[in-house]
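# Structure for the following, please:
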Amino acid sequence: MLIPKEERDKIFKYLFQEGVAVAKKDFNQPKHEEIDTRNLYVIKALQSLTSKGYVKTQFSWQYYYYTLTDEGVEYLREYFHLPETIAPKTRLQESAPERPRRGGFRRN
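Next comes the predicted model:
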């Protein structure tokens, strides 16, 4: 199946931004729930990335769950010509808020 480049770019862009994707196993679903393209395009594009080792796929309860691998992050950075400082949401470390220090209370 030949996926139009603009549709493949939408899928790859979403995958890189989020780091993960989910697709219902419904090849006739006209539109993917998150990405503005056909569901079949999403499944087939990510199946291709899985075969290259860029994505890990888990299937459960009629849904495909895709996770971007380290190699996949590098591949998509090169594909979109992005610097190493840009990473998917799943790779960003959230800075934990500082916990208030205990103290100031004394027992008599």
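# quick one, strands of this protein?
Counting by DSSP state E, the chain has strands at residues 20-24, 55-60, 63-68.
# Turn the ones you listed into JSON lines, columns for distance to residue 2.
Any C-beta I mention is one placed from the backbone N, CA and C, and that applies to glycine too. Shown next, in JSON lines, are those (distance: least, C-beta to C-beta, whole Å):
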{"stretch": "strand 20-24", "distance to residue 2": "19"}
{"stretch": "strand 55-60", "distance to residue 2": "20"}
{"stretch": "strand 63-68", "distance to residue 2": "21"}
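# pLDDT value on residue 94, please?
On the pLDDT scale, residue 94 is placed at 54.
# Could you dump the strands of the chain into a markdown table and include mean neighbour count?
A markdown table is the format used below for these (neighbours: other C-beta atoms under 10 Å):
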| stretch | mean neighbour count |
| --- | --- |
| strand 20-24 | 18 |
| strand 55-60 | 13 |
| strand 63-68 | 18 |
